[in-house]
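K.L.:
Let's see this in three dimensions:
(chains A and B)
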Amino acid sequence: MSYILRIDPTRCRGHAMCALVHPDGIELDRWGYGQVVDPECDDRRAVRRAVRAAAACPNGAVLMMEVVQGARSGRPQGTSPRGPTEEGRMAGESGLR
Amino acid sequence: MIDSLPVPRAVPEAPAGRSIAGLGDPGARLLAGPAVGAETLAAHVARLGPLSPPAGLADLWQMVAASGLRGRGGGGFPSARKLEAARLAPGEPVVIVNVAESEPASRKDHVLGSCRPHLVLDGAVAVAALVGATEVVVHAHRSKTGGGVLRAVDRAIGERRRAGLAEPRWLLSAGPDGYVSGEASAVASFVDGGVARPRFSGNRMATEGPSGRPTVVLNAETVAHLGYLAHVGLDGWWAPDAPDGPRLVTLAGAVSVEGLVLEVGGWATLGDILQQAGWSVPPAAVLVGGYSGTWIDGPTAWSTRFDRPGLHGVGGRPGCGLVAVLPHGACGLAETARLARYLAGQSAGQCGPCVQGLAGVADGIEALVAGRLRRRGLHRLEVLSSSVVGRGACSHPDGVAHLVASALRVFAADAAHHLTGRTCEGTGHPPAFAVPTDRPTPVTWR
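P.N.:
Presented below is the predicted three-dimensional model:
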């Protein structure tokens, strides 16, 4: 199962926790809002960090979206959202942490 | 201010096939029928035949797919793909006809809704049949204009009831008038009982909308096209036309009749349209596709074909079909600054980069017009403007960035003038484009 990392801009309030725990995938823009620079969660390390970023966001703005099979790959439109904390727990329980 | 225009060329005759028609004109397709007022059901049926599509559902799918019809609300998404996604997704789709025409100068959806309600409703019936929906929502503004549209639609539904047509259940919805409240996800959110603000979603709404059901939000013109297609078939809709079929255009700015809606097809150029607007020579510039559209300089616009490929060639897109004309003597940058300020105030206030960025972009372009910006400042404005692209839940910030980028490209000579610390005569010109000022920021979302 693969995921795409996205930030819901309507929820992001610039707490910057995501960029702290996942600096390779998320950078802060000029105002301090998180900006995904590498949405791929293709190895265990990236997945682990993405989960941490999702769990660290106090607003639940960092989302790991499952890439639906058959959808055009890498396009966020072809993904389905999963709640960040829920997903974090799921990924953690399955030994990814 | 563009003051050094080339000598106007002789206007070439429009070759056969080019067609521009107004409401009720012969040769019009969507706008055929009476020249004033709402078309009655009897007149509509007399003109286009019975309401049941002549072809079966499979044929209709075939036609919609082959037509290449794209959404006419601004986004330009292929309608067949949207409908197909909704049909395949689990659950009964919600179908919403979007008549909430939030683009301040655009009138085409209001004209269709109030003058050709049966064509729009026929399209909605076809859409409902295509995706398997039993309910259709017609959504408009609760403003005076929007209310007028809903009353016309309501009367039309009454006529259809009395005629005993087998139809989906109709629901009428009236929502806030804000610029972004007409955006598809905002409309879907409102219809689902939420606020009329754009939503962030990883899913396409056609697969899973705010209600959890597949949700198809189609612009009223798009729906009217589908209705027309269902009635007359592909050949009548298309030939001998541009690749994406006829389009409705609203004229704004320095034109003979502001708010005039025209139907454009058959390889017509912007020059052909401008001639209908009272111009015999190219104007200073044209803003195409809406207030967050694309500036095209007058001479280039004059020979640009008004369809997707033609406009793409000059960095533009048809958008909602607005053609706003900048007269000679007006400053395109000053006009852009007013539009940018208005659009910045229309942010739904949800996404940080949009709220912070658009205000900064408006500040920057105002400073440029006032002669307070230097080369480095202009560079910062360009960087700031491009940094908001793709950073919102909807494409509102992208649109403003696009507007500003095209302004700085088309009015580069004027920008250079303003960079020397001067204003220009054009900045004192009365505003060419009307911007709603009574309510700078939408305060209600429900």
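
K.L.:
Going by C-alpha atoms from here, please, whenever you check contacts or count neighbours.
P.N.:
Will do.

K.L.:
The residue lying closest to B:Ser143 once chain neighbours are set aside - how many residues pack around it?
P.N.:
Of all residues not flanking B:Ser143 in the chain, B:Asp177 sits nearest, at 6.6 Å (Cα to Cα, 6 or more residues apart in numbering or on different chains). Neighbour count for B:Asp177, taken as other Cα atoms under 10 Å in any protein chain shown: 24.

K.L.:
With B:Pro26 instead?
P.N.:
Applying other Cα under 10 Å, we find 12 residues neighbouring B:Pro26.

K.L.:
And for B:Trp302?
P.N.:
By other Cα under 10 Å, 23 other residues sit near B:Trp302.

K.L.:
Apart from its neighbours in sequence, what residue is nearest the residue of the stretch 201-350 of chain B found nearest chain A?
P.N.:
Chain A sits closest to B:Gln350 of the stretch 201-350 of chain B, with a gap of 4.8 Å, by Cα to the nearest Cα. Among residues not flanking B:Gln350 along the chain, A:Thr10 sits closest, at 4.8 Å (Cα to Cα, 6+ apart).

K.L.:
Now do the strands in the chain.
P.N.:
Answering for chain A, as no chain was given. A:3-7, A:26-28, A:34-36, A:40-41, A:62-67, A:79-80 (DSSP state E).

K.L.:
The chain in question should be chain B.
P.N.:
B:19-21, B:94-98, B:135-141, B:169-175, B:215-219, B:247-253, B:261-265, B:285-288, B:294-297, B:322-326.

K.L.:
May I see those arranged in TSV, with mean pLDDT and distance to B:Leu229 as well?
P.N.:
TSV is the format used below for those (pLDDT from 0 to 100; distance: least, Cα to Cα, whole Å):
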stretch	mean pLDDT	distance to B:Leu229
strand B:19-21	88	18
strand B:94-98	98	17
strand B:135-141	97	19
strand B:169-175	96	21
strand B:215-219	97	15
strand B:247-253	97	13
strand B:261-265	93	15
strand B:285-288	98	26
strand B:294-297	98	29
strand B:322-326	98	23
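
K.L.:
And those: which comes nearest B:Val195?
P.N.:
Closest to B:Val195 of these is strand B:169-175 (Cα to Cα; 9.1 Å).

K.L.:
Let me see the contact set for the spatially most central residue of chain B.
P.N.:
Geometric centre of chain B, nearest residue: B:Cys320, 1.6 Å, by Cα atoms, centre = their mean. Contact analysis of B:Cys320 by Cα atoms under 8 Å, 6 or more residues apart in numbering or on different chains lists B:Arg72, B:Gly73, B:Gly74, B:Ser106, B:Val249, B:Gly289, B:Gly290.

K.L.:
How many neighbouring residues does whichever residue of the stretch 1-150 of chain B sits closest to chain A have?
P.N.:
Residue nearest to chain A within the stretch 1-150 of chain B: B:Ala85 (11.0 Å; Cα to the nearest Cα). Neighbourhood size, B:Ala85 [other Cα under 10 Å]: 20.

K.L.:
go on, the one 3 residues further on?
P.N.:
Counted by other Cα under 10 Å, the residues lying close to B:Leu88 total 15.

K.L.:
One more: B:Thr134?
P.N.:
16.

K.L.:
and the nearest residue to it once chain neighbours are set aside, what is it in contact with?
P.N.:
Spatial nearest neighbour of B:Thr134, chain neighbours left out: B:Pro168 (4.8 Å); criterion: Cα to Cα, 6+ apart. Shown in contact with B:Pro168 (Cα under 8 Å, 6+ apart): B:Val125, B:Ala128, B:Ala133, B:Thr134, B:Glu135, B:Val136.

K.L.:
now those as JSON lines including distance to B:Ala324?
P.N.:
Output for the contacts of B:Pro168, formatted as JSON lines (distance: Cα to Cα, whole Å):
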{"residue": "B:Val125", "distance to B:Ala324": "33"}
{"residue": "B:Ala128", "distance to B:Ala324": "34"}
{"residue": "B:Ala133", "distance to B:Ala324": "38"}
{"residue": "B:Thr134", "distance to B:Ala324": "39"}
{"residue": "B:Glu135", "distance to B:Ala324": "37"}
{"residue": "B:Val136", "distance to B:Ala324": "33"}
